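Student: I would like to see how this sequence folds:
(chains A, B, C and D)
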2 protein chains.
Amino acid sequence: MTETMSDSAIRPRKEFGKTIAADVTHRLREEIIACGLAPGEPLRFDVLRERFGVSFTTLREALTALTAEGLVDAQEQRGFRVAPVSRQDLVEVTDARVLIEVELIRRAIERGNDDWEIAVISTLHRLKRIEQRDPEHPLRDPEWNIAHRQFHQALVSACGSATLLAIRAELFDRAERYRHLSANFRPRPRDKAGEHQAIMQAAISRNPDLAVQLIETHIRSTADNVATYAAHLLDTE
Amino acid sequence: MTETMSDSAIRPRKEFGKTIAADVTHRLREEIIACGLAPGEPLRFDVLRERFGVSFTTLREALTALTAEGLVDAQEQRGFRVAPVSRQDLVEVTDARVLIEVELIRRAIERGNDDWEIAVISTLHRLKRIEQRDPEHPLRDPEWNIAHRQFHQALVSACGSATLLAIRAELFDRAERYRHLSANFRPRPRDKAGEHQAIMQAAISRNPDLAVQLIETHIRSTADNVATYAAHLLDTE
DNA sequence: CCAAGCCGTATTTTCGAAAATCATATCCTT
DNA sequence: AAGGATATGATTTTCGAAAATACGGCTTGG
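Tutor: Numbers count the residues shown, from 1 in each chain, chains lettered A, B, ... in the order given. Predicted coordinates:
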């Protein structure tokens, strides 16, 4: 009876109705995206078992799921490692994102209703609010990352295709890892707040061509930034 | 010493260097695509364990991988089932395929070299050869399915993006399942051989606009066929 | 000195039993 | 008799031990 849903003493909280494997998958994904586990780093079972407090099999399931998402690299019979990064991969992910996101923003603008507009506006509002706390290093703030993800998610959420949304989400995660990779070396962030604001306005005022152009620029210039400031990490691999 | 690599007496062959889990994933994928396991059907461990001769954990890993591919549906704490089919899902998969495949065929035509042309021509040749064996029911011939997959794969293989190729392959598999779903009810196949031939010629003669148009028609008319002849299976779910 | 094969160790992969969770039928209470 | 709690059986989920496989150093023969 003293057991509420969040006896978050230490680790072993686990949301109701969810499997431990799904929980570990989620936590591992976050760590890899945040580059707490470096690209190319071997993922040894002993170490992970210690860190997450679960058994071999459960870990294996999580690693298999992340392999399908492109965040982990399975080397059969020789274990897993964090998916390596490369300039080529960055280019591919960026291109794929542009292709898909551009299409989805068009569909969303065409189909979005009141709820969609409200979601776009409110997620941007929260993002800006959080941004004010530390305008210099937003990427270091986990809450900013969540809010940022949710804003971009909201923008395309009305596109009408769960299939394409799932693919988009996967590519977004892979791109976010590259952003984190370069975050420590980037001198100062460019005017992201302004860009997000402009995208929101183009979307809400139902101007698909402008929105598409802004989104494409947003994605490509972020990738260019990564390629510049993480160059030393991309060429060695 | 009598043990060569293919002592394919019964089941337990396993390619060198591969894990059992990867093998089971592959076999399960094929069965689901061929609708040997019906859409929506519960995937009980006891049954699968019997059928594939592996343990709980190995099965779980395979099911997790297929869940990420959209062929299996995980219901946390309540097991797995074959991903259900629906008209909506068919439309989404078709749309996504057109979006991506159209882009990839353009890139492949622009970048393809001699090896690419040879691959396209030879995979089509093999497909036609196999097709002659049973022109009425090609889908029932596993070899035709493989050859068909390889021809479409070859067409886009020179696109230069492993990322997009992986996404394309996933969508192709999901679409192929729908084709098998309606195969038993389709009166007679339309002129697929001719369509493939035309696509090949447009690609090799480096006519991207024509190739794109043919591919889009090819994909959409296949989907329309499915929607028509598997209607009773799509509306009930 | 080098190459090739071999052995011991480190690590992954697989298994089946045990724990956790869900679904169903049963039994109270009102 | 209806509604709700509870026990029971079926099924999934998790675990750690055991088997399989890869890695690295060592020896041996040329």
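
Student: now what about the helix-or-strand element of chain A with minimal mean pLDDT, what contacts it?
Tutor: Taking mean pLDDT, DSSP states H and E as the measure, chain A has helix A:231-236 as its least confident helix or strand, at a mean of 83. Helix A:231-236 has contacts (CB atoms under 8 Å, 6 or more residues apart in numbering or on different chains) with A:39, A:85, A:86, A:87, A:90, A:181, A:182, A:227. Heads up, the C-betas are built off the backbone N, CA and C, glycines and all.

Student: at 10 Å instead, please
Tutor: Applying CB atoms under 10 Å, 6 or more residues apart in numbering or on different chains, the contact partners of helix A:231-236 are A:35, A:38-40, A:85-90, A:178, A:181-182, A:185, A:226-228.

Student: in stretch A:147-160, what's buried?
Tutor: Buried positions in stretch A:147-160, judged by neighbour count with 16 or more other CB atoms under 10 Å in any protein chain shown: A:147-152, A:154-160.

Student: Would you mind measuring from whichever residue of chain A sits closest to DNA strand D to residue B:64?
Tutor: Of all residues in chain A, residue A:20 sits closest to DNA strand D, at 2.9 Å by CB to the nearest atom of the strand. Per CB to CB, to the nearest Å, residue A:20 is found 13 Å from residue B:64.

Student: what touches both of these two?
Tutor: With CB under 10 Å, 6+ apart, residue A:20 and residue B:64 have common neighbours A:61, A:62.

Student: And these two? Which one has more around it.
Tutor: Higher neighbour count among residue A:20 and residue B:64: residue B:64, with 25 against 16, using other CB atoms under 10 Å in any protein chain shown.

Student: Who are the packing partners of whatever helix or strand that one lives in?
Tutor: Secondary structure assignment for residue B:64, by DSSP states H and E: helix B:56-68. In terms of contacts (3 or more CB pairs under 10 Å, 6 or more residues apart in numbering or on different chains; DSSP states H and E), helix B:56-68 is packed against helix A:20-33, helix A:56-68, helix B:20-33, strand B:42-43, helix B:45-52, strand B:72-74, strand B:80-82.

Student: what about that helix, distance to the chain center?
Tutor: Averaged C-alpha coordinates place helix B:56-68 at 19 Å from its chain's average position (CA atoms, centre = their mean, to the nearest Å).

Student: now check that helix, is it near DNA strand D?
Tutor: Yes - counting by CB under 7 Å from any atom of the strand, DNA strand D is contacted by helix B:56-68 at B:56, B:57, B:60.

Student: Neighbours of the second one, how many?
Tutor: With neighbours defined by other CB under 10 Å, the count for residue B:57 comes to 15.

Student: How much space separates the residue most central in space within chain A from DNA strand C?
Tutor: Centroid check for chain A by CA atoms, centre = their mean gives residue A:173 as the closest residue, at 3.1 Å. Look at residue A:173 and DNA strand C: by CB to the nearest atom of the strand, to the nearest Å, they are 23 Å apart.

Student: orientation of the helix or strand that residue falls within relative to helix B:56-68 in degrees?
Tutor: Using DSSP H and E, residue A:173 maps to helix A:162-183. Between helix A:162-183 and helix B:56-68, the angle comes out at 100 degrees (axes from the mean of the first three to the mean of the last three CA atoms, to 10 degrees).

Student: from what I can see residue A:222 touches residue A:182, true?
Tutor: Yes - under the criterion of CB atoms under 10 Å, residue A:222 makes contact with residue A:182 at 9.4 Å.

Student: Can you pull the domain assignment for chain A?
Tutor: A:20-82, A:87-236 (automatic domain parsing).

Student: so can I have a markdown table of those showing distance to residue B:134?
Tutor: Listed next are the domains of chain A as a markdown table, based on distance: least, CB to CB, whole Å:
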| stretch | distance to residue B:134 |
| --- | --- |
| domain A:20-82 | 35 |
| domain A:87-236 | 33 |
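
Student: Between the ones you listed, which one is closest to residue B:136.
Tutor: domain A:87-236 (32.3 Å; CB to CB).

Student: chain center to the closest one: distance?
Tutor: The answer for domain A:87-236 is 9 Å, by CA atoms, centre = their mean.

Student: hmm, the helix or strand that contains residue A:219 touching chain B?
Tutor: Per DSSP H and E, residue A:219 falls inside helix A:208-229. No - judged by CB under 10 Å from any CB of the partner chain, helix A:208-229 stays clear of chain B, getting no closer than 13.3 Å.

Student: so what secondary structure elements neighbour that helix?
Tutor: Helix A:208-229 packs on helix A:87-111, helix A:142-156, helix A:162-183, helix A:192-204, helix A:231-236, going by 3+ CB pairs under 10 Å, 6+ apart.

Student: Looking at the domains of chain A, which is nearest to residue B:44?
Tutor: domain A:20-82 (17.9 Å).

Student: chain center to the closest one, what's the gap?
Tutor: So, by CA atoms, centre = their mean, the centroid of domain A:20-82 is 17 Å from its chain's centroid.

Student: Next: stretch A:66-86.
Tutor: How far stretch A:66-86 lies from its chain's middle: 17 Å, per CA atoms, centre = their mean.

Student: Is DNA strand C within reach of that stretch?
Tutor: Yes - applying CB under 7 Å from any atom of the strand, one finds stretch A:66-86 in contact with DNA strand C at A:74, A:75, A:76, A:77, A:78, A:79, A:80.

Student: Spell out which parts of chain A neighbour DNA strand C.
Tutor: Near DNA strand C, when you scan chain A using CB under 7 Å from any atom of the strand, you find A:17, A:42-46, A:56-57, A:60, A:74-80.

Student: Nearest to residue B:121 among the residues you listed?
Tutor: Among the residues of chain A next to DNA strand C, residue A:76 lies closest to residue B:121 (CB to CB), at 32.7 Å.

Student: for the closest one, helix, strand, or coil?
Tutor: Classification of residue A:76 by DSSP: H, G, I helix; E, B strand; the rest coil places it in coil.

Student: thinking again about what came up before, mind checking which of the residues of stretch A:66-86 next to DNA strand C are buried?
Tutor: Using 16+ other CB under 10 Å as the burial test, the residues of stretch A:66-86 next to DNA strand C include A:74, A:80 as buried.

Student: Determine which two of the residues of stretch A:66-86 next to DNA strand C are furthest apart.
Tutor: Between any two of the residues of stretch A:66-86 next to DNA strand C (CB to CB), the greatest distance is 11.2 Å, for A:77 and A:80.

Student: What is the neighbour count of the closest residue to residue A:70 other than its chain neighbours?
Tutor: Spatially, and ignoring its direct neighbours in sequence, residue A:70 is nearest to residue A:174 (5.6 Å; CB to CB, 6 or more residues apart in numbering or on different chains). Counted with other CB under 10 Å, the neighbours of residue A:174 add up to 24.

Student: State the pLDDT value of residue A:174.
Tutor: Residue A:174 is assigned 98 on the pLDDT scale.

Student: you'd agree it is up against residue A:86?
Tutor: No - proximity of residue A:174 to residue A:86 does not meet the contact threshold set by CB under 10 Å, at 12.0 Å.
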